[in-house]
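>>> no sequence on hand, only this structure:
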């Protein structure tokens, strides 16, 4: 049970990140056109810069770490808890940053995040899953 609790949501998150964040790191305009990222009209140029930074960090660090951690966990590698644990720590961290940023920017001039509720619907469960997964792999 705990194996699948980590693997199924983990690989779904991995695929989601490849489709949304990694494409935004390569071409924010492409991701914006396909609804994967917000426009500057919604979140200002500073918000776009912030999201581009997260997308780039996801591309070069987080997504490879998550993929390696999930693969190591699936294969039962001796070093799996270290790698998947690191990935889960990042998975807890970034949704908290994004949710707090959305709250802090809510009344900022030019900030009109139309899908703020969607952030809560997606990011809170991801954070809770990663926290529970971290407890599981640390046990």
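Perfect, thanks for sending it. From a predicted model like this one, the values you see are computed outputs, not experimental measurements.
>>> surely residue 73 touches residue 80?
Yes. With contacts counted by C-beta atoms under 8 Å, residue 73 reaches residue 80, the gap being 4.6 Å. The C-beta positions use only the backbone N, C-alpha and C, and glycine is treated the same way.
>>> who has more neighbours out of those two?
Between residue 73 and residue 80, residue 73 has the larger neighbour count (other C-beta atoms under 10 Å), namely 22 against 19.
>>> residues contacting that one?
3, 6-7, 10, 80-81, 83-84, 137 (C-beta atoms under 8 Å, 6 or more residues apart in numbering).
>>> and if you look at residue 86?
So residue 86 contacts 65, 69 (C-beta under 8 Å, 6+ apart).
>>> what helix or strand is it on?
Using DSSP states H and E, residue 86 maps to helix 80-105.
>>> quick check: mean pLDDT of that helix?
The pLDDT scores in helix 80-105 average 95.
>>> going forward, the N-terminal residue is numbered 172.
From this message on, residue numbering opens at 172, which makes the last subject helix 251-276.
>>> list the buried ones in whichever helix or strand comes after it?
Moving toward the C-terminus from helix 251-276, the next helix or strand (DSSP H and E) is helix 287-309. Of the residues in helix 287-309, 290, 293-294, 297-298, 300-301, 304-305, 307-308 count as buried by neighbour count, 16 or more other C-beta atoms under 10 Å.
>>> likewise for stretch 203-214?
203, 207-209, 213-214.
>>> hmm, back to that, which neighbours do residue 244 and residue 251 have in common?
With C-beta under 8 Å, 6+ apart as the test, residue 244 and residue 251 both reach residue 308.
>>> can you list contacts of stretch 177-193?
By C-beta under 8 Å, 6+ apart, the surrounding residues in contact with stretch 177-193 are 202, 207-208, 225-226, 229-230, 233-234, 237-238, 240-241, 244-245, 255, 262, 297, 300, 304, 307-308.
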